[in-house]
Each structure stands twice: as structure tokens, then as C-alpha cells.
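Engineer: coordinates only, sequence not included:
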């Protein structure tokens, strides 16, 4: 049979799921939590972490990040305390400094001390402070921040809920969160293999956020092309629930 003119048959959901499962990294599942966390820290302390400065330019994420953090995107004007959660080499901190009010306090943390060093060397700004910290056990007071950016960090938690609960806890009621995570798509599976992380289903991740006291506001995209082709991963803006400030504490007790 001549197949050159035959219509393309899409993969069934079951076959697609198996393909994505085969492609994405097995490290979060095959290692113990303690071993995996140490592995991730060494990974970003080393050459792969250093190369994020290059890959950000090559992939366009460096330039596209500036479109996300802007008056028409994730708007931080009027926010006086801002957290860059898992700040890496300072890619998003740089744009937070550009867009935030001059008197805004910007804080960054990362699990990798070498990434923190790279961020400090890159930014040279007295307006920012950096510490080494764990997303699942943040050293900040309740309701400490008006806005949080958490970019490509949550996928390094085998279970996202402890991290989401902590983000909600340190965010003020009504405060805003920009959450970016690797999606369970073909492109996401390839990124998972490269960065040894897991992927998230978009609907399920939003459900986890809702359970953690974070209300979805809207999805954002790097560009119209990304939106059209459903590329770029999960990029969503959330708000900390104002009506039930005790919800996060209750969820942490139940967890």
C-alpha cells in the first residue's frame, strides 16, 4: 500500500502516555528523596548549572522572560516584597529589578550554592539578598511576600504539594504567584531527560495549587506562537486566597 498520501493517525492517549513515560527522566522515581535532592544539587553546582547562562540565550528564554515579567504580563509594580524562588543564575531576578518599584525588596533563594554565586556575580545589586534554602522548608515568615516568581523549580520535587504549601504560606493573602513548570508533553519529556526532573499535567497541577490555597487567575505564554503550538511549558498566574488565610495552615497540618 502506498502510504505517502495516507492521513497521519495520531497516537492514542495510552500510547502517547507510554511514549512520554519512556522519554522522560527516571531519576525522581528511582532514587530516594534524599539521594535525588543531593543529585540535583550537584547537577546544578556543576557544569550543567553553569551552562544555563548559555542555554537561556540559545533557547530564547532569556529574552522571553522579559516579556513575562512586565506590566502586560506578571506585573510586580506596587509589590514591596518579592521572592524569586529557586532563583538559579538570576535570570528572573534581573527582570524583577527592572520592573519593580525602586523601594521594593527582592529576595532570591536556591538549593544550589553555586547557582547563588552565579546570581550574585551576575546581578551586582544591593537591592537583592540571596540565601541557600529548600523550597519544601522555607526560612521565611508567614505572609512575608507580595509576589513570588517560581520558575522551573517545582519539577524537582517528586511531590509538588509540600513546595506549593510553602509558597502559599509565605505569600500574603491576595498576593500573586507566577508559577512555571515542565509540562507532560513531548518537548517537556525531552527537557525532563536533560535536567533530570519530572513533568506535570497542567490540570492536575492546578488542582494541587487549589488544594494549597492558591487560586488560578490565568495562563501566560512566552509568545503568541507558543500559545498556538502549546509550547513553553506550564506558565500560570495564581493568587493566594484572601477569604481563608488559615487554609494553608490547615492543609499543612493534614499533609
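Structural biologist: Yep, it's here. The structure displayed is predicted, hence computed values, not measured ones.
Engineer: burial measure for residue 101, as a count.
Structural biologist: Neighbours of residue 101 under the rule other C-beta atoms under 10 Å: 12. In short, each C-beta sits where N, CA and C put it, glycine included.
Engineer: that one belongs to a strand?
Structural biologist: No - using DSSP: H, G, I helix; E, B strand; the rest coil, the secondary structure at residue 101 is coil, not a strand.
Engineer: surely it meets residue 75?
Structural biologist: No - counting by C-beta atoms under 8 Å, residue 101 stays clear of residue 75, with 11.4 Å between them.
Engineer: overlap in contacts, those two.
Structural biologist: The contact sets of residue 101 and residue 75 do not overlap (C-beta atoms under 8 Å, 6 or more residues apart in numbering).
Engineer: how much space between residue 146 and residue 97?
Structural biologist: Here the criterion is C-beta to C-beta, to the nearest Å. By it, residue 146 lies 15 Å from residue 97.
Engineer: for residue 172, same thing?
Structural biologist: Distance from residue 172 to residue 97, counting by C-beta to C-beta: 21 Å.
Engineer: all strands of the chain, in order?
Structural biologist: Ranges of strands in the chain, per DSSP state E, are 81-85, 105-110, 128-132, 145-151, 171-181, 214-219, 234-240.
Engineer: using TSV, lay out those together with mean neighbour count and mean pLDDT.
Structural biologist: Below are these laid out as TSV (neighbours: other C-beta atoms under 10 Å; pLDDT from 0 to 100):
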stretch	mean neighbour count	mean pLDDT
strand 81-85	25	98
strand 105-110	23	97
strand 128-132	16	96
strand 145-151	24	98
strand 171-181	22	98
strand 214-219	15	97
strand 234-240	21	97
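Engineer: would a markdown table of those strands with distance to residue 53 be doable?
Structural biologist: Putting the strands of the chain into a markdown table (distance: least, C-beta to C-beta, whole Å) gives the following:
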| stretch | distance to residue 53 |
| --- | --- |
| strand 81-85 | 16 |
| strand 105-110 | 14 |
| strand 128-132 | 16 |
| strand 145-151 | 15 |
| strand 171-181 | 18 |
| strand 214-219 | 28 |
| strand 234-240 | 21 |
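Engineer: out of those strands, the one nearest residue 44 is which?
Structural biologist: Residue 44 lies closest, by C-beta to C-beta, to one member of the strands of the chain: strand 105-110, at 7.8 Å.
Engineer: quick one, phi psi at the nearest residue to residue 67 once chain neighbours are set aside?
Structural biologist: Sequence neighbours aside, residue 73 is the residue nearest to residue 67 in space, at 6.1 Å (criterion: C-beta to C-beta, 6 or more residues apart in numbering). Per-residue torsions, residue 73: phi -110, psi -120 (degrees, to the nearest 10).
Engineer: relative to residue 223, how far out is residue 73?
Structural biologist: Relative to residue 223, residue 73 is positioned 11 Å away (C-beta to C-beta).
Engineer: okay, and the common contacts of these two?
Structural biologist: Contacts common to residue 73 and residue 223, judged by C-beta under 8 Å, 6+ apart, are residue 67.
Engineer: compare these two (neighbour count), which wins?
Structural biologist: Comparing residue 73 with residue 223 by neighbour count (other C-beta under 10 Å), the higher total belongs to residue 73, at 19 against 13.
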